[in-house]
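Asker: The sequence and its predicted three-dimensional model are supplied below.
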Amino acid sequence: MRLQFILSEIGLGLRRNLSMTISVILVTFVSLTFVGAAALLQLQINEMKDDWYDRVEVSIFLCPSESDAPTCAGGEVTADQRDAILTELESEALAEYVDEVFVETKEDAYEAFQERFEGEWWAQGVTADQLQASYRVALVDPEQYQVVSDVFTGRQGVEEVRDQREVIEPLILVLNRATLLSVGLAAVMLLAAVLLITTTIRLSALSRRRETGIMRLVGASNLFIQLPFMLEGAIAATIGAALSVGGLWFGVRYLVEDWLAQTVRFIPYVGTDAVWTIAPVLIVVAIGLAAISSVVTLSRYTKV
């Protein structure tokens with residue numbers, strides 16, 4: 001009987017404040033979508049870091065025939081210089097830093113170049129002699145790239161020492177700032193959701209002030225009186241969270257997996273399983289919003 005009464009009160013409250021309930025659902029949906037997007041973006045960043053940093057290499061580019069670098073004043077790198085650089089890379093002194101060394105000749109560089117720019121008209125005029133040989137150094141610990149860089153920078157026969165982190169880290173920085181922006185927007189929207197849920201519960205409580213007064217007179221407990229209002233907010237917020245999860249799943253499934261992953265293939269993307277990972281968190285946040293709003297409102301507006 002009590003359960004039936006509570007359910008009827010919830011239905012009555014939702015119908016009386018239908019427009020406000022819809023507003024709560026929409027604001028919760030938008031705010032939790034920002035929260036979920038920020039979480040997915042951070043998962044994406046972590047996925048990229050784990051994949052890319054494990055493959056970070058230090059590239060030691062050897063002097064080509066024509067270079068204005070001071071270390072290439074003697075012209076193209078000689079066989080003795082190449083052998084000396086390789087010997088040092090494989091020496092005991094660098095053994096704790098260097099995992100593996102890959103030798104890329106001019107022919108290898110040319111083949112990789114043609115494969116990368118296949119079909120481009122301007123690439124057809126490039127010859128192997130115009131490219132440069134290099135050593136690709138896989139590191140035991142990518143964080144220690146500076147050690148190898150310091151050893152070979154400025155050495156005769158070496159035009160440039162390039163760390164791939166220089167390319168990766170600006171992108172990671174941009175993505176991290178995008179995450180912070182999403183978190184900031186999410187915080188503003190969450191505050192708006194709390195205020196709107198609070199207003200909805202308050203209006204619902206004021207519209208049923210007479211009923212709550214009668215219930216208190218007949219001995220109903222505070223929990224029994226307040227529970228329908230609390231559940232109204234929780235239901236509206238949970239529906240908003242469910243819509244948010246659905247929107248994020250749709251975005252990841254069709255925009256990321258079906259489109260972006262097929263267009264830009266070198267990035268490891270998060271999948272729909274990541275959405276299901278954060279879905280419980282979004283539901284808990286939605287219920288938490290309703291709980292905070294209820295505590296703030298009901299203690300005042302259900303008193304008689």
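Answerer: Structure's in. What do you need?
Asker: Enumerate every residue touching E47.
Answerer: Shown in contact with E47 (Cβ atoms under 8 Å, 6 or more residues apart in numbering): 268-270. C-beta coordinates here come from the backbone N, C-alpha and C atoms, glycine included.
Asker: who wins for most neighbours among these?
Answerer: V270 (22 neighbours; other Cβ atoms under 10 Å).
Asker: Now do the same for that residue: helix, strand or coil?
Answerer: At V270 the chain is in coil, as set by DSSP: H, G, I helix; E, B strand; the rest coil.
Asker: Kindly report the same for Y135.
Answerer: Classification of Y135 using three-state DSSP returns strand.
Asker: returning to what we had before: output the contacts of E47 in CSV; the columns should cover pLDDT and distance to G125.
Answerer: As requested, the contacts of E47 are arranged in CSV below (pLDDT from 0 to 100; distance: Cβ to Cβ, whole Å):
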residue, pLDDT, distance to G125
P268, 78, 35
Y269, 83, 36
V270, 86, 41
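Asker: what about W276, how many residues close to it?
Answerer: Residues near W276, counting by other Cβ under 10 Å, number 12.
Asker: any idea which helix or strand carries it?
Answerer: In this assignment (DSSP states H and E), W276 forms part of helix 272-301.
Asker: residues of that helix that come out buried?
Answerer: Of the residues in helix 272-301, 274-275, 278-279, 282-283, 285-287, 289-290, 292-294, 296-298, 301 count as buried by neighbour count, 16 or more other Cβ atoms under 10 Å.
Asker: Same question for stretch 157-176.
Answerer: Buried residues in stretch 157-176 (16+ other Cβ under 10 Å): 157-161, 163-165, 168, 175.
Asker: where does this structure dip in pLDDT?
Answerer: For the chain, applying pLDDT under 70 flags the ranges 1-20, 50-55, 166-168, 172, 203-229, 266, 298-304.
Asker: Please, where are all the helices along it?
Answerer: 2-16, 18-54, 79-89, 106-116, 145-152, 165-207, 209-217, 222-250, 261-263, 272-301 (DSSP state H).
Asker: Can I get the third one in PDB, CA atoms only?
Answerer: Yep, that's helix 79-89 we're talking about. C-alpha atoms of helix 79-89 as PDB (Å, rounded to 0.1, in the frame of the first residue of the first chain):
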ATOM      1  CA  ALA A  79      81.500   4.800 -44.100                       C
ATOM      2  CA  ASP A  80      83.900   5.200 -41.200                       C
ATOM      3  CA  GLN A  81      81.600   7.700 -39.500                       C
ATOM      4  CA  ARG A  82      78.600   5.500 -40.000                       C
ATOM      5  CA  ASP A  83      80.500   2.500 -38.500                       C
ATOM      6  CA  ALA A  84      81.700   4.600 -35.500                       C
ATOM      7  CA  ILE A  85      78.200   5.800 -34.800                       C
ATOM      8  CA  LEU A  86      76.800   2.300 -35.000                       C
ATOM      9  CA  THR A  87      79.600   0.900 -32.800                       C
ATOM     10  CA  GLU A  88      78.800   3.500 -30.100                       C
ATOM     11  CA  LEU A  89      75.100   2.800 -30.200                       C
END
